[in-house]
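# How does the following fold in three dimensions:
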Amino acid sequence: MIYIDKFYHRNDWRIKLSFTFNEVYIEGIKTLETARYSKTYKSWYIDYDKKAFHEFKLLGLPFKINAVANSGTNSSVYEKIEDTGIEKNHSPFIDSDIHSNDSDNNVRSTSERPQKIRFSNGNFYITINYTAADSAFLKSLKGSYWNSKYANWCVKATLENLEALQERFSYYREADYLKTKQLVLATSDPEVIELYLTPEHPDCVAIKVRGWRVDFSILKSITDRSYDKPFKRWLIPYKAAIIQRIIEYYNGKGATIINRIPDTNKSYGKDHKNYHEKQTYLLTKFDLVLQPLIKEYSDVLISQRYSWSTIKSYCGSFAKFLFYLSGRPPSDVDHHVVNKYIRFLSGRKVSDSLIHNTINAIKFYYQKVLFLPDFEIDRIKRPRTRHTLPTILSIGEVDRMFRSVTNLKHLTLLYSIYSSGLRLNEVLNLRVQDILWDRNQICIKCAKGKKDRMVMLSGILKEVLKTYFDQYQPIHWLFEGQDRKTNYSRRSVANIVKKAAMKAGISRRVTPHTLRHCFATHLLDRGTDVRYIQELLGHKDIKTTLIYTHVTTRSMESIKSPLDQFHSHDNFVKNWKV
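Below is the predicted model:
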């Protein structure tokens, strides 16, 4: 037997078809045009109209309409709705009681309703007498739990949960239900307005409006506006007066405004302290005896506009040299003492780069601070230069790395490094305005050696950036940190590359700079002139770029090993093949 009820589901009235599992019933109901299955109510339903109900009756399946007593009378008066044949008073609201003894009927009588359902702070708080069936039902609702402190159930206030509660308990009167429904929708799906920029449309502001009962009227009133259907956003002219009018309009409606348009008067992620304030803090890290010399030394570095990272590095190395002199004035020593200190330093477990940095720091002091013409700078001995080849991955290995990355932001970052051969600092310091969309170029500002340069913008990277800008909506930095004010951290990028290499099954050590090496080598493999590669990489000296000629496969492909001229390998295959 199929039991028929009227119930409110998915913002409209439906005809609920309740029955115990029966394949014949299910196959017949599936043929109906409007038949759907509700996982929430675990039953089939059709549209509440004459046509749908007539089609159901034509199936010839046995059914019974649950009778409803007309509230306000003591007799069982059942009023049929002419267009469907379903009782007029049958609804899940408190004004009606269903008089049916059938066990499949889920709607409760007034005495079995919860004592109280309170809506507050995005939750329903339900006080109800315990029954195993009710507890199982409430536990099945999304975001529900038992609050032992207050002896009630807490259920997340969503439209689906509200419908399920009303269907089971018939707690609300119809007017109260509709009012509660509006409150739930306003809480669970509030109106949110997002404004952001994308280099794909440099003269426009992208606006996303989402939420219940969203209002597009002000956007439609703006001339020269357009709707970007793939990303479900509006594009309006980038004019301050229009933007301000839109913000004021939605603020007046109580909507949440997320404004990601950069403020031209604000510094993003920059240290607001000037060099002299930083110098004061740096001096506190050294002994009082050394501070006068360190200050004199750092004053010259600041006056010559060295970067702050170089100033810190040079001051640290110079301070260690002063400590080695044990109070002896550095102006009284010659190159023999410096070379002795370098030998002392080389005997310890330190890198070649640290030794070179120390020599540069000491030479700077004697050349630029003391101006000692008789100090034989060239006699300071440097360690022998170690010639190492960079780690290079094949195109297949790089592709496997990229395919192993599932996070859009991480993938966009790796694409940016590899597609243009960027250094780690360069990609982290990229700004949204540095993406020259129409020219297919990326502007690298103030790179190593305080030099600007232009690199290509890959077509594939452009496609990825379209989705990236829509999802992450960066304000100033192309790759922002969690606070949206500072740029992404170096360590995070290193971890991304390391994990991607591990997932790709690459056992060699891979760093972000490895992708830069791969960019240069793969270009050289394809026959790109080394001078163009030098410009793209931003190398001052062509010798630095020529290192990639030692790892490219282009020249070696035409050379065969003399072993390949032997024919004895045929016997090897016969004798050793398993």
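# Contacts made by stretch 302-313 with the rest, please.
275-276, 278-279, 282, 298, 301, 314, 357, 361, 368, 450 (C-beta atoms under 8 Å, 6 or more residues apart in numbering). All C-beta spots, glycine's among them, are computed from the backbone N, C-alpha and C.
# Among these, which one lies nearest to residue 121?
residue 278 (46.9 Å; C-beta to C-beta).
# Tell me if that closest one really is in a helix.
Yes: the assignment for residue 278 is a helix, going by DSSP: H, G, I helix; E, B strand; the rest coil.
# excluding its backbone neighbours, what's nearest it?
residue 308 (6.3 Å; C-beta to C-beta, 6 or more residues apart in numbering).
# related to what we said a few turns ago, what's the closest of the contacts of stretch 302-313 to residue 195?
Among these, and counting by C-beta to C-beta, the member closest to residue 195 is residue 450, at 34.3 Å.
# so what's the backbone phi/psi at residue 145?
phi -160, psi 160 (degrees, to the nearest 10).
# Pretty sure it sits against residue 153.
Yes: Residue 145 is in contact with residue 153 according to C-beta atoms under 8 Å; the separation is 7.5 Å.
# Tell me which residues of the helix or strand containing residue 513 come out buried.
Using DSSP states H and E, residue 513 sits within helix 512-525. In terms of neighbour count (16 or more other C-beta atoms under 10 Å), helix 512-525 has its buried residues at 512-525.
# swap in stretch 259-279?
Applying 16+ other C-beta under 10 Å to stretch 259-279 flags 260-262, 275, 278-279 as buried.
# Those into CSV, with extra columns for distance to residue 426 and pLDDT?
CSV is the format used below for those (distance: C-beta to C-beta, whole Å; pLDDT from 0 to 100):
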residue, distance to residue 426, pLDDT
260, 24, 92
261, 25, 92
262, 20, 89
275, 23, 85
278, 23, 90
279, 27, 91
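# Which secondary structure state does the nearest residue to residue 231 once chain neighbours are set aside sit in?
Nearest in space to residue 231, with sequence neighbours left out and distances taken as C-beta to C-beta, 6+ apart, is residue 470 at 4.8 Å. Under three-state DSSP, the three-state class of residue 470 is helix.
# Report how many residues lie close to residue 470.
19 (other C-beta atoms under 10 Å).
# same check, this time on residue 442
The number of residues near residue 442, taken as other C-beta under 10 Å, comes to 23.
# Ok, residue 388 next?
Around residue 388 there are 7 residues (other C-beta under 10 Å).
# got a list of what it touches?
By C-beta under 8 Å, 6+ apart, residue 388 has no neighbours at all.
# care to break this structure down by domain?
Residue ranges for the domains of the chain, per automatic domain parsing: 1-104, 110-188, 192-259, 275-379, 395-550.
# Save those as CSV, and put in distance to residue 267 too.
Shown next, in CSV, are the domains of the chain (distance: least, C-beta to C-beta, whole Å):
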stretch, distance to residue 267
domain 1-104, 48
domain 110-188, 37
domain 192-259, 18
domain 275-379, 15
domain 395-550, 9
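# so what's the nearest residue to residue 497 once chain neighbours are set aside up against?
Take residue 497 and drop its neighbours on the chain: the residue closest to it by C-beta to C-beta, 6+ apart is residue 512, 5.2 Å away. Each residue near residue 512 by C-beta under 8 Å, 6+ apart is listed here: 417, 424, 427, 493-494, 497.
# let's go with 6 Å and repeat that
417, 424, 493, 497 (C-beta atoms under 6 Å, 6 or more residues apart in numbering).
# quick one: which helix or strand includes the last one?
Counting by DSSP H and E, the secondary-structure element that holds residue 497 is helix 490-503.
# Do you have the helices of the stretch 351-500 of the chain handy? List them.
For the stretch 351-500 of the chain, the helices defined by DSSP state H, counting those that start in this stretch cover 352-364, 395-404, 408-420, 424-428, 459-472, 490-503.
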